[in-house]
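Visitor: Task: produce atomic coordinates for the following.
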Amino acid sequence: MLRATSVLPAGTWERALEADHVALTHDNRHRRRIAMKGEGGTEFLLDLTDAAYLHDRDGLALDDGRIVRVLAAEEPVAEITGNAHLIARVAWHIGNRHVPAQILSDRIRIARDHVLEEMIERLGARVARVKAAFDPEPGAYASEGHSHSHNHDHDHAHGLSHSHGHGHDH
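Guide: Predicted coordinates:
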């Protein structure tokens, strides 16, 4: 079976080498080792040394020199819009809850969550419930290699110190 042992960041690989593509939801793009099948039928084993977060348009380098493109699949998301001040307030509240968010030029996208959606609407922002590709920011603790694994302790404003373990290896 073909193996993919490295991730090529979007924009760093030749599209002429693209053999196939895989469309994956946000939750399915954090991977280390899994058998995959591209939309065009290419079967391969993703076999990375460490778990990595696969971003939209990244390439998976196959051991025969070809590349499988990663696509962010459409999935249910909440798109948040409002004026610049309101969007900044919403971003603060989302970040304070450690919710993955995709920051676009005129809106923020988060995974559907009725509790957060209601809070955001109470703040005055508009929430559209749509299906769209979801490729959130990697976060301040992610390495340059697209990894998304971290553990940290911090003290929230409510005075309770607690740890957030965010390591994943699906």
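
Visitor: And the next helix or strand past whichever helix in the chain runs longest?
Guide: Ranked by residue count and defined by DSSP state H, the top helix of the chain is helix 84-96. The element immediately downstream of helix 84-96 (helix or strand, assigned by DSSP states H and E) is strand 101-103.

Visitor: got a list of contacts for that next one?
Guide: For strand 101-103, the surrounding residues in contact (CB atoms under 8 Å, 6 or more residues apart in numbering) are V77, A91, I94, G95, I108, R109, I110, F134, D135, P136, E137. Where you see a C-beta, it was placed from the backbone N, CA and C, and this is true even at glycine.

Visitor: Closest to V7 out of the residues you listed?
Guide: D135 (14.1 Å; CB to CB).

Visitor: Assumed the closest one was part of a strand.
Guide: No - counting by DSSP: H, G, I helix; E, B strand; the rest coil, one finds D135 to be coil, located in no strand.

Visitor: ok, back up a step: now, which of the contacts of strand 101-103 sits nearest R3?
Guide: D135 (24.8 Å).

Visitor: The closest one reaches H55, doesn't it?
Guide: Yes - counting by CB atoms under 8 Å, D135 touches H55, with 5.8 Å between them.

Visitor: Identify the spatial nearest neighbour of H26, chain neighbours not counted.
Guide: F134 (4.6 Å; CB to CB, 6 or more residues apart in numbering).

Visitor: Also A51?
Guide: R32 (4.0 Å).

Visitor: What of T42?
Guide: T42's closest residue in space is D20 (CB to CB, 6+ apart), at 3.9 Å.

Visitor: Where does that neighbour sit, in terms of helix or strand?
Guide: strand 18-24.

Visitor: What is the neighbour count of E14?
Guide: 9 (other CB atoms under 10 Å).

Visitor: what pairs with the residue nearest to T42 across the strands?
Guide: Beta bridges link D20 to V68, judged by DSSP bridges.

Visitor: same thing with R33?
Guide: D47.

Visitor: that older thread, which residues are in contact with the strand holding D20?
Guide: 36-42, 54, 59-60, 62, 66-73.

Visitor: Report the buried members of these.
Guide: Buried members of those, counted by 16 or more other CB atoms under 10 Å: 36, 38, 42, 54, 59-60, 62, 66-73.
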